[in-house]
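[1] Quick one, what's the 3D model for this:
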Amino acid sequence: MTETPIDAEAGPPCPGWCCGRGVRNCSRSGSNCAQLEADGCRGSRCGSLARRLSVATGRLIGMSDEPSFDVAGMVRRVRRKLDLSQRDLAERLEVAHSTVARWESGERDIRSTDLVRLLALAELRLEVRDDEDEVVAPMHGADAVRDRGGRQLPAHLDAEARCTSMALFDNPGWCWARVPRRPLRDRLREAGRLQNGDQHPTLEEVTEARARARRRIQAPVLRRAQLRRERSAAERPPVPCFCPLECEEVHGCLPECLCACEPRVPEWATPWTRGGRKLR
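    Got it, this is the predicted structure:
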């Protein structure tokens, strides 16, 4: 906005109840300024009122004339759908009655949280769409990974989960989200090597990446151990058993058993004896 110079022939200067910048026909109350849309009217009453009215109708003075979100009309739409008065709506939202009135008149901007609660009362919701009319999802917030200082990663940079081999057997803190710088990021984007797209990895995704890296490194070790067991079992010939039936009634083979495939268990170690005596 550009400031409008004071014209000496325009009349007496503003008495100071509104903008105090010499705007003509400005009342002392500041509620009926004849030049609400005049550039340079920035007083505590009429100037701010002009700005609030422009914001409530979805337009800003001196900016683009494209229509935007009509807050005042949406507040009235919710009241009509729910058949509520301003006082009833204020009780539902736990705000003052004058706050709802100022929302509708444009004297006060509505907070985003109050707008979401207002639309939720009428089973409505806000959506952000792009030029192709596709819903744009927000980035991960509380569940996204952070740096070691507890800060969120830069939103304009791409991040992907990376784990080192040291992280697999050491402190999990070695597993981090790598944030490439812009030149490297652009090269990775062109090569299609970034996995997370337009989102930063979450803690769950980093944990999954760590588990995949662990399995990838441990797979050959486990495979070699399995091959050794199979080779050892194949080289060992099966031992034939020709124990008599009496060996089946006791733990282990009898002293006179020629097979001796199972070691003899002492009588005091059998589960039905205690202190060398059989339990009755």
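[2] got any ranges where this structure has weak pLDDT?
    Along the chain, the parts satisfying pLDDT under 70 run over 1-67, 160-180, 193-197, 235-239, 264-280.
[3] Could you count how many residues lie near G106?
    18 (other Cβ atoms under 10 Å). Every C-beta, even on glycine, is put in place using the N, C-alpha and C of the backbone.
[4] tell me the helices in the chain, going along the chain?
    Assigned by DSSP state H, the chain shows helices spanning 46-56, 71-82, 86-93, 97-105, 112-121, 182-191, 203-235.
[5] Deepest in the core, which of those helices is it.
    A comparison of the helices of the chain by mean neighbour count, using mean count of other Cβ atoms under 10 Å, puts helix 46-56 on top with a mean of 20.
[6] returning to what we had before: mind putting the helices of the chain into TSV with distance to F242?
    Listed next are the helices of the chain as TSV, based on distance: least, Cβ to Cβ, whole Å:
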stretch	distance to F242
helix 46-56	98
helix 71-82	91
helix 86-93	89
helix 97-105	97
helix 112-121	82
helix 182-191	69
helix 203-235	22
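[7] Of the ones you listed, which is nearest G141?
    G141 lies closest to helix 203-235 among these, at 12.0 Å (Cβ to Cβ).
[8] Give the other helices and strands that that closest one contacts.
    For helix 203-235, the packing partners by 3 or more Cβ pairs under 8 Å, 6 or more residues apart in numbering; DSSP states H and E come out as strand 160-162.
[9] If we use 10 Å, what do you get?
    Helix 203-235 sits against strand 160-162, strand 176-178, with contacts defined as 3 or more Cβ pairs under 10 Å, 6 or more residues apart in numbering; DSSP states H and E.
[10] domains for this protein, by residue range?
    When the chain is parsed with the TED database, its domains come out as 71-122, 139-238.
[11] Using JSON lines, lay out those together with distance to H251.
    Converted to JSON lines, those look like this (distance: least, Cβ to Cβ, whole Å):
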{"stretch": "domain 71-122", "distance to H251": "73"}
{"stretch": "domain 139-238", "distance to H251": "23"}
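[12] can you tell which of those domains is closest to L254?
    Smallest distance to L254 across the domains of the chain (Cβ to Cβ): 22.4 Å, for domain 139-238.
[13] neighbours around V128, how many?
    9.
[14] Tell me how far it lies from A144.
    With distances taken as Cβ to Cβ, to the nearest Å, V128 is found 19 Å from A144.
[15] before we move on, what about R231?
    As defined by Cβ to Cβ, R231 lies at a distance of 48 Å from A144.
[16] Could you do E91 as well?
    The span separating E91 from A144 equals 37 Å under the rule Cβ to Cβ.
[17] How about T207?
    Remark: distance between T207 and A144 (Cβ to Cβ) = 13 Å.
[18] can you check F69 too?
    Using Cβ to Cβ, F69 is found at 28 Å from A144.
[19] And for P240?
    65 Å.
[20] Neighbour count: the two, which is higher?
    Taking P240 and A144 together and counting by other Cβ under 10 Å, A144 has the greater number of neighbours (19 against 7).
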